[in-house]
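Asker: the following block contains a protein sequence and its predicted model.
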Amino acid sequence: MNRNQFLRTIDAINVWKRGGQRAPHKPLLLLLALGRVLSGRDRLASYSRDIEQKLEELLQHFGPPRKALHPALPFGHLRTDGLWEIPGSDGLSVTSSGDLYVGELRRENIVGGFPEPIYDMLRNSPELVREAGQRLLDGHFPESLHDDIREAVGIPRTWEIHDSPVQPRDPAFRREVLREYERRCAVCEFDVRLGDELIGIEAAHIKWHAAGGPDTVINGLALCWLHHKAFDRGALGLTATGDGFKVLVSSEVHGLSQPLHWFLDFHDKPLRPPRNRRLDPKAEFVDWHQRQVFRKPPLA
Ligand SMILES: [Zn+2]
């Protein structure tokens, strides 16, 4: 597999199955493995010692809210994409759905990693590691989470990425969303400007662009940087009221400092609607966010 084939395989990882349900398992395992390459660690990682706990944490922080996280799934399934190898795996038992048994992975201290030719190619090209990492981030997560994920897996931020396969953003999206929401955060009304320039107001997607959410006002919200990040991380959610939407704060939000009020004060409060009420957020996109991103349950 050469460089371009490798990048095409990365792009082709099929994780948006079953009606837009998020399954970031493979991307997160690959990002973890790319971080290992950059830090010079061995090609093969022990499932129980090196992968299980870290991948579980990544899934907990950046995956959809789920009771069971299943870090063993991508460890086995990435092999079918040609991006993973488990030496001696022929002797392992599999379930009827083709999954490896977690108990056996732990007990037998099973190791896995990139196949040797891919590992060597990555070792010789940190730029390729960053490019692959960027494609995984662009393909599966909103931009507001990229730095947090990079930091968690140990991939430094890069300043030059080319040939990204992700469709370019529609510049009209930002303009139209900000106009409809009168350049204010739809949660807290933050509207600070420096001269004519907005500071920290962003056009957020309700259904992530990376999950196929469209660049249209009915899938957008103007949010301040803090509430944008909180919304993408699932600390904030929305629910329909019959006459629009109200804001929900996750019961997982904690803190002792005064700024915590920037969350708690808005719980159960109406979301500021767009000027043209026909451009209210579309229920379908709000439902997606509620199911795939918001950390339930909300505060009581
Ligand atoms: Zn705000």
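Answerer: Yes, it's here.
Asker: surely G213 touches A204?
Answerer: No: G213 is beyond contact range of A204, at 10.2 Å (criterion: C-beta atoms under 8 Å). (Each C-beta comes from the backbone N, C-alpha and C, glycine too.)
Asker: ok, the two, which is more surrounded?
Answerer: Applying other C-beta atoms under 10 Å to G213 and A204 shows that A204 carries more neighbours, namely 24 against 19.
Asker: pLDDT value on the more buried one, please?
Answerer: A204 carries a pLDDT value of 96.
Asker: which residues does it bridge with?
Answerer: Following DSSP bridges, A204 is listed with bridge partners L221.
Asker: shift numbering so it begins at 45
Answerer: Understood, numbering begins at 45; the last thing we discussed is A248.
Asker: am I right that it is in contact with C268?
Answerer: No: between A248 and C268 no contact is recorded; they are 9.8 Å apart, counting by C-beta under 8 Å.
Asker: quick check: the gap between the residue nearest the centre of the chain and D312.
Answerer: Geometric centre of the chain, nearest residue: F185, 3.2 Å, by C-alpha atoms, centre = their mean. F185 sits 28 Å away from D312, going by C-beta to C-beta, to the nearest Å.
Asker: now do L238
Answerer: Distance, L238 to D312, using C-beta to C-beta: 32 Å.
Asker: what about these two, which has more around it?
Answerer: Under the criterion of other C-beta under 10 Å, the comparison of L238 against D312 puts D312 first, with 13 against 7.
Asker: isn't that one up against F289?
Answerer: No: counting by C-beta under 8 Å, D312 stays clear of F289, with 11.4 Å between them.
Asker: what's the neighbour count on the closest residue to K326 other than its chain neighbours?
Answerer: Of all residues beyond its chain neighbours, the one nearest K326 is I262 (4.3 Å), with distances taken as C-beta to C-beta, 6 or more residues apart in numbering. I262: 18 surrounding residues under other C-beta under 10 Å.
Asker: pretty sure I262 sits in a helix.
Answerer: Yes: remark: I262 belongs to a helix, assigned using DSSP: H, G, I helix; E, B strand; the rest coil.
Asker: for it, list the residues it contacts.
Answerer: I262 makes contact with L323, D324, P325, K326, F329 under the criterion C-beta atoms under 8 Å, 6 or more residues apart in numbering.
Asker: and the fourth one, how many residues sit next to it?
Answerer: By the other C-beta under 10 Å criterion, the neighbourhood of K326 contains 16 residues.
Asker: let me see the confidence value for it.
Answerer: 97.
Asker: likewise for the last one?
Answerer: Reading off the confidence values, F329 has pLDDT 97.
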